[in-house]
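1. for reference, the sequence and a predicted model appear below.
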Amino acid sequence: MNISEFVSTARGAWPVWQGADPKAFARFVEELDANAEDKVPLGSLHAADLWLAFHAGLGVAPAVAALEANCFADLSRVLRARRAEPAHAEEAVQRLRHRLLVAEPGRCARILTYAGRGELRAWVRVAAVRAWLNMKREAPLGTASPEDAFVTEATSDLELEFLKGKYRELFRRVFLETVAALAPGTRLLLKLHYLDRLSMEEVGKVIGVHRLTVLRRLERARLELSEGTKERLEQELRLAPPEVESLLRMIQSRLDVSLQQALTQSRDHTKFSTP
């Protein structure tokens with residue numbers, strides 16, 4: 001398999017994403033091969049996973065949504081199965097999300113260190129377990145809330161203000177409005193996966209579609225939520241472009257927690273209920 005065939009295979013595994021860059025991806029794969037100490041055939045790499053990781057690392061919104069749905073959605077459950085407390089599991093996932101997707105100054109996002117030798121889903125799970133174990137070694141668990149821990153890693157004043165609470169109620173209201181504006185079928189899909197904790201295969205059985213269709217619908221739903229929340233906050237806060245990007249990172253990093261809270265409220269408030 002040559003590089004053109006590899007790129008074609010990787011690209012064909014996902015829907016067309018606005019912002020995807022096949023040429024840059026080809027260079028990325030060639031650099032991986034050039035820098036590898038132990039060479040492996042190109043065809044043995046996980047092309048679709050590399051395409052996903054590369055574009056998520058570049059911040060392409062649909063790729064980030066796909067990464068969330070495919071690799072992050074069940075991480076808290078994985079850690080709880082290892083006897084992590086729910087709050088500690090959420091904190092570990094939040095830390096991992098930030099470390100993998102938010103690039104440090106002058107460096108690439110760490111998700112770009114994924115080399116395609118194994119499945120991306122398994123790679124992320126291993127990283128999540130390590131993040132949780134590192135937390136246990138760093139300090140006694142329970143000394144800080146997940147929100148406080150994430151605040152210490154936030155990089156922009158706007159993110160800090162949101163997470164410290166200055167705009168917390170605004171974010172909560174706007175996010176609930178965005179959830180309420182989703183189509184009933186989309187809210188049901190999110191409820192089944194994020195609130196009822198069904199796997200994509202189980203959700204597919206409930207609504208009568210294949211698990212890959214569930215994955216694609218979850219990608220679109222997450223993207224619609226993050227973009228819709230961002231647009232509503234932009235209108236209320238009149239943000240400058242750099243602040244908009246900072247805000248989008250914050251929304252994406254906390255989307256799972258916010259979504260679970262919103263869907264939990266839907267059981268008590270008919271305004272946000274799903275059929």
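-> That came through, no problem.
2. the helices in the stretch 51-200 of the chain, which residues?
-> Counting by DSSP state H, counting those that start in this stretch, the segments of the stretch 51-200 of the chain that form helices are 61-67, 75-81, 86-101, 120-138, 146-153, 157-164, 168-181, 184-190, 200-207.
3. out of these, flag the one nearest residue 51.
-> Residue 51 lies closest to helix 61-67 among these, at 8.1 Å (CB to CB). (Glycine included, C-beta is placed from N, CA and C.)
4. packing partners of the closest one?
-> In terms of contacts (3 or more CB pairs under 8 Å, 6 or more residues apart in numbering; DSSP states H and E), helix 61-67 is packed against helix 47-57, helix 211-237.
5. the ones you listed: which one's closest to residue 80?
-> Among these, the nearest to residue 80 by CB to CB is helix 211-237 (20.6 Å).
6. the closest one - contacts with which helices or strands?
-> Where contact means 3+ CB pairs under 8 Å, 6+ apart, helix 211-237 is packed against helix 61-67, helix 168-181, helix 184-190, helix 200-207, helix 241-253, helix 255-265.
7. can you flag the weakest of those helices by average pLDDT?
-> Least confident of the helices and strands packed on helix 211-237, judged by mean pLDDT, is helix 241-253 with a mean of 62.
8. quick one, phi psi at residue 208?
-> phi 80, psi 40 (degrees, to the nearest 10).
9. report the contact partners of it.
-> If you count contacts by CB atoms under 8 Å, 6 or more residues apart in numbering, residue 208 has none.
10. not counting its neighbours along the chain, what's nearest the most centrally placed residue in the chain?
-> In the chain, the residue lying closest to the centroid (CA atoms, centre = their mean) is residue 68, at 3.0 Å. Leaving aside its chain neighbours, residue 68 sits nearest to residue 222 (5.6 Å; criterion: CB to CB, 6 or more residues apart in numbering).
11. follow-up on the earlier one: and the helices and strands packed on helix 61-67: which comes nearest residue 8?
-> Going by CB to CB, the one of those nearest residue 8 is helix 47-57, 8.9 Å.
12. who touches that closest one?
-> Contacts of helix 47-57 (CB under 8 Å, 6+ apart): 6, 9-11, 13-14, 17, 19-21, 24-25, 28-29, 62-64, 66-67, 70, 101, 108-109, 111-112, 114-116, 119-121.
13. rewinding a little: would you list the helices and strands packed on helix 61-67 in JSON lines and tack on distance to residue 128?
-> Below are those laid out as JSON lines (distance: least, CB to CB, whole Å):
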{"stretch": "helix 47-57", "distance to residue 128": "15"}
{"stretch": "helix 211-237", "distance to residue 128": "18"}
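14. out of those, which is the most enclosed?
-> Neighbour counts (mean count of other CB atoms under 10 Å) averaged over each of these peak at helix 47-57, with a mean of 24.
15. great, nothing more from me.
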